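> give me a 3D structure for the following:
(one chain, ligands or ions: 1)
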Amino acid sequence: MILWPKRAASDEAVNAQDDYCRQVAEGVHGVEALFDEQLRLLWISPSIERVTGYAPADCLVAQDLFALIVHESDRAHCTRAVAQLAADGLPQDFELRFVRRDGETAWVASHWRRVDSGGHWRLRLSAEDIQARKQTEYKLLETVTELRRAQALREHYLLRSNDERQRLAALLNLIRLGILFMDQDKRVLYYNRAMLEIWGYPPDAHLIGTRESVVQETVRPQLADPDAYFAHVAEVVERRQGVSDAFEFRLVDGRIVTDRSAVVEGSVEGHGIGRVWIYEDVTEARRISARLVEMAERDPLTNLYNRRRFHEELERTLADASRRGHAVGLLGIDLDGFKPINDAFGHQAGDEVLVRLAERVSRIVRRHEMFFRIGGDEFAMLVPDAQIDELAELAGRLRETVAGLRFCFEGKDAGVTASIGIAVFPDNGLDAEALIAAADEAMYRSKSEGRNRWTLSARTAGESARMRASSSDEPDSREE
Ligand SMILES: Nc1nc2c(ncn2[C@@H]2O[C@H](COP(=O)(O)OP(=O)(O)OP(=O)(O)O)[C@@H](O)[C@H]2O)c(=O)[nH]1
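Residues are numbered from 1 along each chain as shown. Coordinates of the predicted model:
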């Protein structure tokens, strides 16, 4: 239903004017509507159908127009604003959502005005479609929200990666290995505390960004052989090996350090982003292992090399002598009358004899000669590149030294003598076993022929069964 105020004019003119006005009103693009004082809908433009899908007639017959077309969330506000306008006549402008017949939402900007005429008033609604703008706004809002979320996520990851870095740095600072990261431009990227300690930097040294060449110059004075070390570094860098082999080097203060290095691969395969160096101070480890080797090779009572080292040295010396065509002398030594000392004065007295004997005999041993305790009261002397004369002379001195040792246990004089057998490589044996057997056999001859003497083995190499022993006379040992 459309209502127009009547004017005093001819019916024809009025009808024509009505027709013009109707065409204008019905052709408006936005939604126009008129409500009476009871807020009942009097007229609504056909454009409502374009915006909501409801025809003007649907709106006019609706019991509650707001319930039909205003979105549930905006309805209360809309009702309040319209009641306010009715009461005070002040314009109301706000955005609201229409609910379309197909259930979709259509945003409009609504403008509510009170129009007065002849003591009566009506409410006029003008609403323009702002759906496109709202959609843009929504999109913008979504984009902004998305950006904020991404930003928050970035901050979160940044925080987490900083935490990770802190954790990693704490861990790396705790470990005893020195760690140094160089970037692809050969500048220091990271180092830990142990790296500073190993290279003798003060704990507060600041190396980040320092060029490799500068670092090398600062560590040069620490190195026992800087040129060899830097040649090694250059070779490792040149070779671009996966992980370099451990390289051992010495510092001027006597410490022993090893290094290993690897290229740090970036996320692009085959593209190195720098290099990591790992340093380990192995001084203590080397000292302990040397001590262990020492312990395994030395007799704890006399501190002479033991049977194990004797066999190693004998094999090594024979191999060396074979290559050079040298002779090797072996003196097998067994004490005479040692057991009676143990029996008469106790084991401790026997120990004292062994210790003093080892100490005194060691004094007459020359640089290239080696003296061993094989076990019990058995000793051996190894003489590389030996001549028979020298060996006889050495055996004589040895016999004399042992016989000259005097002890006093429980107020009684005591002493021991030595029976010595001399064997020479290659004359008396071509390998360690044969040489030992020859020396033993000669030593037993010394025993059987009166003790306190030396005997030269007469065994021919390769003829182990046959013996041609020469025996020394007491006390001036001599060859027969
Ligand atoms: N005190 C002491 N005695 C040892 C040690 N090792 C072995 N013995 C003893 O040394 C003795 C060696 O015996 P023998 O070789 O018969 O002694 P010996 O009186 O010299 O006899 P011959 O070799 O026949 O001249 C044994 O009584 C062992 O118990 C040791 O480390 N300390």
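
> list the contacts of Asp116.
By Cβ atoms under 8 Å, 6 or more residues apart in numbering, the contact set of Asp116 is Gly89. No exception for glycine: its C-beta is placed from N, CA and C like everyone else's.

> to clarify, my last question referred to Arg240.
Val263, Gly272.

> pull out the buried residues from stretch 377-397.
For stretch 377-397, a neighbour-count test (16 or more other Cβ atoms under 10 Å) marks 377-384, 386, 391-392, 394-396 as buried.

> now check that stretch, is it near the ligand?
Yes: under the criterion of Cβ under 6 Å from any ligand atom, the ligand is reached by stretch 377-397 at Asp377.

> chain center to that stretch: distance?
Offset of stretch 377-397 from its chain centre (Cα atoms, centre = their mean, to the nearest Å): 56 Å.

> cool, stretch 182-195 as well?
14 Å.

> grab the nearest non-local neighbour of the residue in the stretch 101-250 of the chain positioned nearest to the ligand.
Closest residue of the stretch 101-250 of the chain to the ligand, Cβ to the nearest ligand atom: Glu248 (38.1 Å). Computed as Cβ to Cβ, 6 or more residues apart in numbering, the closest residue to Glu248 that is not its neighbour in sequence is Thr258, at 5.0 Å.

> again, but for Gly53
Gly53 sits nearest to Arg101 (Cβ to Cβ, 6+ apart), 3.2 Å away.

> check which helix or strand the single nearest residue of the chain relative to the ligand maps to.
Nearest residue of the chain to the ligand, counting by Cβ to the nearest ligand atom: Gly350, 2.5 Å away. Remark: Gly350 resides in helix 347-364, with elements defined by DSSP states H and E.

> return the set of buried residues in that helix.
Ala349, Gly350, Glu352, Val353, Leu354, Leu357, Ala358, Val361.

> is it true that Asp334 touches Ala380?
No: using Cβ atoms under 8 Å, Asp334 makes no contact with Ala380, being 9.8 Å away.

> residues from the stretch 1-150 of the chain in reach of the ligand?
Going by Cβ under 6 Å from any ligand atom, none of the residues of the stretch 1-150 of the chain are near the ligand.

> got the residue ranges for the helices in the stretch 1-150 of the chain?
11-26, 47-52, 56-61, 65-69, 72-88, 131-174 (DSSP state H, counting those that start in this stretch).

> and the stretch 201-350 of the chain, by the same measure?
212-219, 226-239, 283-297, 307-324, 338-345, 347-364.

> quick one: which of these is nearest His206?
helix 212-219 (12.1 Å; Cβ to Cβ).

> and the angle from that closest one to helix 226-239?
150 degrees (axes from the mean of the first three to the mean of the last three Cα atoms, to 10 degrees).

> buried ones in helix 212-219?
Those would be Glu212, Val215, Val219, for helix 212-219 by 16+ other Cβ under 10 Å.

> export that helix as PDB, just CAs?
What follows is helix 212-219, C-alpha atoms only, in PDB (Å, rounded to 0.1, in the frame of the first residue of the first chain):
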ATOM      1  CA  GLU A 212      90.600 -16.600  10.700                       C
ATOM      2  CA  SER A 213      94.000 -15.100   9.900                       C
ATOM      3  CA  VAL A 214      93.800 -12.800  12.900                       C
ATOM      4  CA  VAL A 215      92.800 -15.800  15.200                       C
ATOM      5  CA  GLN A 216      95.800 -17.700  13.800                       C
ATOM      6  CA  GLU A 217      98.200 -14.900  14.600                       C
ATOM      7  CA  THR A 218      96.900 -14.600  18.200                       C
ATOM      8  CA  VAL A 219      97.300 -18.400  18.800                       C
END
